[in-house]
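Peer 1: here is the input, now give the coordinates:
(2 chains)
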Amino acid sequence: MAFLTFEGIGITAMAGAVPKHVIHNYEYTQYFPADQVKEVVDKVGVFERRFADKETCSSDLCFAAAERLIADNNIDRNEIDLLVFLSQTPDYRMPATSIILQDRLGLPQSCVAFDMQLGCAGFCYAMSVVYGMMQGGNIRKALILDGETRSKVYSPKDRRSAFIFGDGGVAALVEKDEKFGKSWFSLNSDGSRHDLIMIKGGGYRNMSSEETLKERVVDEYGNIRSDEQGYMRGGDVFNFVIREIPRDIKKTLEFSGVDKDTIDYIVFHQANNFINTYIAKKMKLDADKIPHTIEKFGNTSSVSVPLTIVSELKDKLEGNKTLLLSAFGVGMCWATGIVPFVDCKVSEIVEVENGEAVKV
Amino acid sequence: MEIKEFIDKFAEAIEVEDASALTPETNFRDLEEWSSLSVMLLIAFYDEEFEKELTQDQIKASSTIQDLYNLAIA
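Peer 2: Have a look, this model is predicted:
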């Protein structure tokens, strides 16, 4: 059973960045009539989200967030020994975006940099990998850069995914400090369900071709997409999530010995409001402890957990707090983390346009 | 659960206002309220009421309320 425990390591500062361009979902009626749009939007609970322009990649959002974090906390760039870039929307197929970011951020060549390619549950994975490397070595400071431009992944003509996804990036600084108590993670995989959320074309199994780029009607509801755009079997994802997520949270609480009532905040992956509300109700969780950003940023995949912390817990992380993080998605893979936050410094969210932070 | 009760709860779950017109033979896809979102509502209904997983393929293979009832009590 993949339970991991770390001690004396934690996130000491965070910053977030989102594209400046706001999509107002009720007005996103280019392909569907307004009454149909309203029905979907009300159900999924995504009223606004941010779309990156052509010039803005996940890496640009992360870069803007990282620069803000470094400036706000007077970080010595030479002390950053590890950079992990977590994304499924990298700049190129190769090289790894993390290595480009090492140079762009002016980090030393002795810095370890690599990409992690995981979806919605990815942030807990990145934390565990970074915590593990820090526990084992002489790494002084580490950066987790988590960015997604899911707006570029899904078809606007497929109503099952057209109204949910948004873009964002987060930088998290990880340091060793005795002030941090234990962290616990549970990480899980189920590849038998790899076809529930997927982009079939454009990789090496089904390489880009005229065929993969062709838009076609894909179901009885008249939804349209190509094989290079993502699809989601929402119903079966929901089936999976309402079974596995409560179970994994329960298991992780038992493993850690942490009393559910002592947890200050529960941060869920912002899938859609319907799923999140259902899980909270099913598990009888206290809604006051569950921050959410689904209504203003939509589902930003792996970014949604840290972006929700940056956006909603900015002034609530003074002193010693315990957070439970729970995320699930494409893979399928899912994760639960119970982690201490001690005086975490959270910066204001930066807006990005044409690949660069907008000057305030 | 009798089918009469199932029909009432089904109507509530997928937000059909007037359940009185529904019969076991009603094709649920013909209902005005039926949309791709109803799949989620139906799955939630089966989880809550019957603690059962209702897959998208099972829904696809069903056409009448009777078919759905059979899956619920199976």
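Peer 1: can stretch A:285-300 be said to contact chain B?
Peer 2: No: Stretch A:285-300 lies out of reach of chain B by C-beta under 8 Å from any C-beta of the partner chain, never closer than 14.5 Å. Where C-beta positions appear, they are placed from N, C-alpha and C, glycine not excepted.
Peer 1: compute the first-to-last residue distance for that stretch.
Peer 2: Using C-alpha to C-alpha, to the nearest Å, the end-to-end distance of stretch A:285-300 comes out at 23 Å.
Peer 1: contacts only, for the spatially most central residue of chain B.
Peer 2: By C-alpha atoms, centre = their mean, chain B has its centre lying nearest to B:Phe10, at 4.7 Å. By C-beta atoms under 8 Å, 6 or more residues apart in numbering or on different chains, the contact set of B:Phe10 is B:16, B:22, B:28, B:42, B:45, B:65, B:68.
Peer 1: tell me which of those fall in helices.
Peer 2: B:42, B:45, B:65, B:68 (DSSP state H).
Peer 1: who in chain B is up against chain A?
Peer 2: So far as C-beta under 8 Å from any C-beta goes, chain B lies against chain A at B:35-37, B:39-40, B:43-44, B:47-48, B:53-56, B:59.
Peer 1: which among the residues you listed count as buried?
Peer 2: Buried members of those, scored by 16 or more other C-beta atoms under 10 Å in any protein chain shown, are B:35, B:37, B:39-40, B:43-44, B:47, B:54, B:56, B:59.
Peer 1: what's the pLDDT at the closest residue to chain B within the stretch 201-350 of chain A?
Peer 2: Nearest residue of the stretch 201-350 of chain A to chain B, counting by C-beta to the nearest C-beta: A:Gly235, 4.2 Å away. pLDDT for A:Gly235: 90.
Peer 1: so it sits in a helix?
Peer 2: Yes: under DSSP: H, G, I helix; E, B strand; the rest coil, A:Gly235 sits within a helix.
Peer 1: now for the one helix or strand B:Val39 maps to, which elements pack on it?
Peer 2: Using DSSP states H and E, B:Val39 sits within helix B:38-50. For helix B:38-50, the packing partners by 3 or more C-beta pairs under 8 Å, 6 or more residues apart in numbering or on different chains; DSSP states H and E come out as helix A:234-256, helix A:273-282, helix B:3-13, helix B:56-61, helix B:65-73.
Peer 1: now it: how far from the chain's centre is it?
Peer 2: Relative to its chain's centre, helix B:38-50 lies at 8 Å (C-alpha atoms, centre = their mean, to the nearest Å).
Peer 1: could you find the closest non-adjacent residue to A:Lys38?
Peer 2: A:Tyr26 (6.1 Å; C-beta to C-beta, 6 or more residues apart in numbering or on different chains).
Peer 1: so that neighbour is in contact with A:Glu48, correct?
Peer 2: No: A:Tyr26 sits out of contact with A:Glu48 when judged by C-beta atoms under 8 Å, with a separation of 9.5 Å.
Peer 1: tell me the residues of the stretch 201-350 of chain A that contact chain B?
Peer 2: Counting by C-beta under 8 Å from any C-beta, the residues of the stretch 201-350 of chain A near chain B are A:221, A:233-236, A:238-239, A:242-243, A:274, A:278, A:282.
Peer 1: pLDDT wise, what is B:Ser20 at?
Peer 2: As predicted, B:Ser20 sits at a pLDDT of 89.
Peer 1: and it, how many neighbours?
Peer 2: 8 (other C-beta atoms under 10 Å in any protein chain shown).
Peer 1: I'd say B:Asp8 and B:Ala19 touch.
Peer 2: Yes: counting by C-beta under 8 Å, B:Asp8 does reach B:Ala19; the two are 5.4 Å apart.
Peer 1: surely B:Thr26 and B:Ile65 touch.
Peer 2: Yes: assessed by C-beta under 8 Å, B:Thr26 is found in contact with B:Ile65 at 5.1 Å.
Peer 1: on that earlier part again, and the gap between the residue nearest to the centre of chain B and chain A?
Peer 2: 16 Å (C-beta to the nearest C-beta, to the nearest Å).
Peer 1: among the buried ones among the residues of chain B next to chain A, which one sits closest to A:Ile263?
Peer 2: B:Asp47 (24.4 Å; C-beta to C-beta).
Peer 1: next up, phi/psi of the residue lying closest to A:Glu318 once chain neighbours are set aside, please.
Peer 2: Distance criterion C-beta to C-beta, 6+ apart; nearest residue to A:Glu318, sequence neighbours excluded, is A:Asp343 at 6.1 Å. The phi and psi values for A:Asp343, taken as degrees, to the nearest 10, are phi 50, psi 40.
Peer 1: what's the answer for A:Leu61, then?
Peer 2: phi -60, psi -40.
Peer 1: from chain B, how far out is it?
Peer 2: Distance of A:Leu61 to chain B, given as C-beta to the nearest C-beta: 30 Å.
Peer 1: for residue 63, what are its contacts?
Peer 2: This is for chain A. A:Phe63 neighbours (C-beta under 8 Å, 6+ apart): A:101, A:104-105, A:145, A:169.
Peer 1: my question was about chain B
Peer 2: Per C-beta under 8 Å, 6+ apart, neighbours of B:Ser63: B:27-29.
Peer 1: again, but for A:Asn73
Peer 2: A:12-13, A:173, A:345.
Peer 1: at 6 Å instead, please
Peer 2: The neighbours of A:Asn73, taking C-beta atoms under 6 Å, 6 or more residues apart in numbering or on different chains as the test, are A:13, A:345.
Peer 1: run through chain A and note the low-pLDDT ranges.
Peer 2: A:1 (pLDDT under 70).
Peer 1: ok so, going back, which among the residues of the stretch 201-350 of chain A next to chain B end up buried?
Peer 2: A:233-236, A:238-239, A:242, A:274, A:278.
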